[in-house]
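> Model the following, please.
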Amino acid sequence: MLLVHCTAACSPSSDEAAAPSVERAEAPAAPTALSADTKLVMAFGDSLYAGYGVKQDESFPAQLEKALSAKGLKVSVHNAGVSGDTTAAGLQRLAFALDGLPRKPDLVILGLGGNDMLRGISPDQTQSNLDAMLTELKKRDIDLVLTGLIAAPNLGKDYADSFNPIYGTLAKKYDAELYPFFLDGVITDKALMLPDGIHPNPQGISKVVAGISNMVAEELKG
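The predicted structure follows:
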């Protein structure tokens with residue numbers, strides 16, 4: 001079983017104004033026109049995707065693009081991460097983000113829910129919002145990789161029992177590839193985390209990319 005050790009900032013009673021994971025930012029601009037043989041991937045998430053606290057070329061989308069290129073894939077990974085996004089905010093902007101791309105993406109990597117956890121939002125609402133996003137992607141016939149999270153231990157067993165199954169349940173429902181825990185092997189290692197204890201540093205992001213890149217490459221080749 002995967003375990004998460006989270007700082008007090010992961011508690012829904014934390015001061016949201018002081019928590020870096022709930023800061024807002026504008027969505028990045030869409031990529032320019034792409035060649036027909038370039039695979040387009042949209043990484044749609046919150047601060048974990050946006051690259052909070054690191055340089056843009058060190059962010060998850062940027063490092064993933066480099067890793068996929070190293071595997072021989074011609075690919076553009078668009079950073080559609082917005083720091084502070086809840087699943088409700090993500091649902092509100094998903095269609096706009098997709099429509100702003102130069103063409104339909106070959107793959108969407110979706111990772112939201114951490115800020116829902118921070119704010120103590122009902123897991124039922126989190127699941128409902130994610131379900132609606134996956135419905136939109138299915139309607140548009142867009143392939144998906146879903147990245148999951150695990151509830152912080154300090155939120156209690158009842159919350160964890162409701163929150164933790166969300167991603168597996170939805171991946172099965174929509175026949176989507178699932179990377180069960182985005183910060184697997186990272187959040188428990190202080191050397192891979194920023195001082196806030198919530199976001200990975202560049203080395204931590206590299207480990208995330210090492211874990212997920214083969215899954216993404218297989219989806220793109222398929």
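> Could you check how far Pro123 is from Leu134?
16 Å (Cβ to Cβ, to the nearest Å). Glycine gets a C-beta too; all of them are placed from N, C-alpha and C.
> now Ser47
Ser47 is 21 Å from Leu134, by Cβ to Cβ.
> The two: who's more crowded?
Taking other Cβ atoms under 10 Å, Ser47 and Leu134 do not tie; Ser47 has more neighbours (24 against 21).
> So the more buried one sits against Asn79, correct?
No - contact criterion Cβ atoms under 8 Å: Ser47 and Asn79 do not qualify, at 11.5 Å.
> For Lys138, give its distance to Asp161.
Going from Lys138 to Asp161 by Cβ to Cβ gives 27 Å.
> Which of the two has more residues huddled nearby?
Applying other Cβ under 10 Å to Lys138 and Asp161 shows that Lys138 carries more neighbours, namely 15 against 11.
> Tell me the spacing between the closest residue to Gln63 other than its chain neighbours and Val77.
Nearest-residue entry for Gln63: Val209, 4.7 Å, with adjacent residues in sequence omitted and distances by Cβ to Cβ, 6 or more residues apart in numbering. Plainly put, Val209 is 10 Å away from Val77 if you go by Cβ to Cβ.
> Quick check: neighbours shared by these two?
Common neighbours of Val209 and Val77, using Cβ atoms under 8 Å, 6 or more residues apart in numbering, are Leu64.
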